[in-house]
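>>> just need the structure, nothing else, for what follows:
(one chain, ligands or ions: 2)
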Amino acid sequence: MSRQTIFITGASAGFGAACARLFAADGNRLVLAARRMEPLLALKAELGGKAEIHITPLDVRDREAVQGAVAKLPEPFREVDVLLNNAGLALGLEPAHKVNLDDWDTMVDTNIKGLTYCTRFILPGMVARNRGHIVNISSTAGAWPYPGGNVYGGTKAFVTQFSRNLRCDLLGTKVRVTCIQPGMAETEFSKVRFKGDEEAAAKVYAGTEPLTAGDIAETVHWVVNRPAHVNINTLEVMSIDQAWGPFAIHREKQD
Ligand code: NDP
Ligand code: 8X3
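Ligands and ions are numbered 1, 2, ... in the order given. So this is what the prediction gives:
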């Protein structure tokens, strides 16, 4: 496999960090972006012997910061071959009428707007070079509703449809677009969703075998390493321990 420059958002934890580890093992050049610098520095120290690594503190919600981070990429990292739009989060699980509106704002700003900023600033270079791959991390929550999924699921439905629409815009170029829809995976995701409540987070995975970050990294690695003419459009991945439930039906009490 030829060496590629891979820009990973949300590389400080979970799927992003696992992808960094897997792609570094092939000697790819990596740009690792997230808000927290400490885990990025640790990853750079861990992986620096295997791959060239550029770390950048980045809040994807900050449009100018995204533009600046892309514009200021140092020379060997300037030509991004793969953008992994992975940064994202769920906040809360309350019903829509009780939710904290700030949480909705944060999810929209991160999962939708942040992802579009990264795409918009990196895509022109890919089109100009007539090569590249955008891999967007959506979720099963973007296709299948559940109570409390309200805006989080909505943001991921956006990611899925945005990915398909990118394919339409890019037809005639050699730039690929893939949307991956993972189901339940054990990362920092639930700790973030429950705002640091480790007990509530642990309950999500108790007694079951969720996907791991490594499972998703292998999936990303596989789609990126298909031959250049093969575009994996959408991939839904679940743990064997997860499936759909029946429709929920509300019944009034009957005598
Ligand atoms: P983690 O919480 O482990 O990782 C999330 C990553 O996103 C972190 O590196 C975090 O870094 C980064 N991030 C969050 N907000 C921002 C921001 N504003 N700017 C830059 N980076 C940000 O969760 P996962 O690895 O599980 O999640 C990765 C993606 O996968 C998300 O988009 C999530 O919605 C999606 N997903 C997760 C599933 C799961 O069950 N775990 C299933 C399906 C999809 P930092 O805090 O340092 O900024
Ligand atoms: C994360 C999976 O089911 O918690 O996107 O929404 S779920």
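
>>> pLDDT below threshold where in the stretch 151-255 of the chain?
Applying pLDDT under 70 to the stretch 151-255 of the chain flags no residue at all.

>>> what does it put close to ligand 2?
Within the stretch 151-255 of the chain, the positions adjacent to ligand 2 are Gly183, Met184 by CB under 6 Å from any ligand atom. Every residue, glycine included, has its C-beta placed from N, CA and C.

>>> ok, which stretches of the stretch 151-255 of the chain are strands?
Ranges of strands in the stretch 151-255 of the chain, per DSSP state E, counting those that start in this stretch, are 175-182, 185-186, 211-212, 234-237.

>>> among the ones you listed, which is the most enclosed?
strand 175-182 (a mean of 24; mean count of other CB atoms under 10 Å).

>>> pairing partners for that one, with directions?
The strands beside strand 175-182 in its sheet (DSSP bridges) come out as strand 132-137 (parallel), strand 234-237 (parallel).

>>> so which of those strands gets nearest Thr208?
Among the strands paired with strand 175-182, the nearest to Thr208 by CB to CB is strand 234-237 (15.5 Å).

>>> and the closest one, anywhere near ligand 1?
No. Using CB under 6 Å from any ligand atom, strand 234-237 stays clear of ligand 1, with a minimum separation of 8.8 Å.

>>> now do stretch 180-199
Yes. Stretch 180-199 reaches ligand 1 (CB under 6 Å from any ligand atom) through Pro182, Met184, Ala185, Thr187, Glu188, Phe189, Val192.

>>> let's have the strands of the stretch 151-255 of the chain in CSV, adding distance to Asp62.
Output for the strands of the stretch 151-255 of the chain, formatted as CSV (distance: least, CB to CB, whole Å):
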stretch, distance to Asp62
strand 175-182, 24
strand 185-186, 27
strand 211-212, 30
strand 234-237, 29
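
>>> residues contacting Arg21?
Leu43, Glu46, Leu47, Ala217 (CB atoms under 8 Å, 6 or more residues apart in numbering).

>>> report the angle between the helix or strand where it lies and strand 175-182.
Using DSSP states H and E, Arg21 maps to helix 14-25. Per axes from the mean of the first three to the mean of the last three CA atoms, to 10 degrees, the angle that helix 14-25 makes with strand 175-182 is 130 degrees.
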